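Asks: Whatever this is, show me its structure:
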Amino acid sequence: MGGERRQKFVREVGSVVLGVLIALGLGAIATEIGWRVEVRGARAAMSGELGELIGQGEERVKIEACIERRLDDVARVVRDAERIGRLAPLGDIGLPPYRTWPRGVWQSTLDAQTAAHLDSELLDNYATAYDFADQMATLHRGELDIWTRLHTLSGPGRAFSAEEARTLELAISQARFANRMMALAGIRMKQVTSAYELGYDRAEADLYAKQPIAAFIICQPIATEIPTGYGQAPMRGVSQRALDNPITRASLGLGVKRQ
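Replies: Next up is the predicted model:
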């Protein structure tokens, strides 16, 4: 191969290699841009989810004292019943508000590998905030079981033993602990979110945090209507309330869906 032909061959190979490198570089840039768009979208979605979670946490802080007072009332019922050996007639004692503690956006961010493209410190901070949300969800599930046990006190009046008093006193203590820990976790989650500037939707939070105290059953007096028998449970009539107050786009703060 002559020198001129060799030079031409080298130039052609060089052009191909350069073209490949440019294509690879452009592909890498496009991929990076794509991940940045994904991260931006994920952070915007998590802002809404964190807003809901923080609002639910603020709600628990707001009604913490109401729940403590209700547990004081229940403790007096147990103490008086043990003293005389009989439960007095008692209506529905209520229940802390049922909440879902969502984490679907965060889980989707992890599953889609989008989280791997967050700055490592930012990822750790989001994980810490959602850890507190997970704690509240776990505590709340246990809390519902505890309050179901406490509802065995509601009824028309019956004999009551010291052994039953000990069992219910333990349930009362467990309910107090769950209440205090949920309030604490709610405070810490908001503090982490604010301290690390993760961002959250304040309007979403206010849907829960700005509910008046009177809106919570647990902050109202114990119901005066006395059940006709024992074996009661929380959330009586919940199906009808759900039908009377359906979830709609408007109730979720969403606009009218375009056709």
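Asks: Not counting stretch 40-55 itself, show me its contacts.
Replies: With contacts defined as CB atoms under 8 Å, 6 or more residues apart in numbering, stretch 40-55 is touched by 101-106, 108-109, 114-115, 126, 129, 133, 136, 186, 189-190, 193, 198-209. Every residue, glycine included, has its C-beta placed from N, CA and C.
Asks: Ok, stretch 181-196 next?
Replies: Contact with stretch 181-196 is made by 50, 53-54, 56-61, 64, 122, 125, 128-129, 132-133, 135-136, 139-140, 143, 198-200, as judged by CB under 8 Å, 6+ apart.
Asks: from the chain's centre, how far out does that stretch sit?
Replies: Relative to its parent chain, stretch 181-196 has a centroid offset of 12 Å by CA atoms, centre = their mean, to the nearest Å.
Asks: just stretch 102-122 next, same as before
Replies: Taking CA atoms, centre = their mean, one finds the center of stretch 102-122 at 17 Å from the center of the full chain.
Asks: Can you give me the buried ones in that stretch?
Replies: 102-103, 105-106, 109-110, 114-115, 117-118 (16 or more other CB atoms under 10 Å).
Asks: again, but for stretch 230-237
Replies: So stretch 230-237, judged by 16+ other CB under 10 Å, has buried residues 232, 234, 236.
Asks: Spell out the residue ranges of the helices in this protein.
Replies: Taking DSSP state H, the helices of the chain run over residues 3-84, 104-111, 120-150, 162-195, 202-209, 238-244.
Asks: looking at these, which is closest to residue 217?
Replies: helix 3-84 (9.6 Å; CB to CB).
Asks: mean confidence for that closest one?
Replies: For helix 3-84, the mean per-residue pLDDT is 75.
Asks: Quick one, which of the contacts of stretch 40-55 are buried?
Replies: The neighbour count (16+ other CB under 10 Å) marks 101-103, 105-106, 109, 114-115, 126, 129, 133, 136, 186, 189-190, 193, 198, 200-201, 204-205, 207-209 as buried among the contacts of stretch 40-55.
Asks: Switch the helices of the chain over to JSON lines; also include distance to residue 97.
Replies: Output for the helices of the chain, formatted as JSON lines (distance: least, CB to CB, whole Å):
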{"stretch": "helix 3-84", "distance to residue 97": "7"}
{"stretch": "helix 104-111", "distance to residue 97": "20"}
{"stretch": "helix 120-150", "distance to residue 97": "9"}
{"stretch": "helix 162-195", "distance to residue 97": "11"}
{"stretch": "helix 202-209", "distance to residue 97": "9"}
{"stretch": "helix 238-244", "distance to residue 97": "12"}
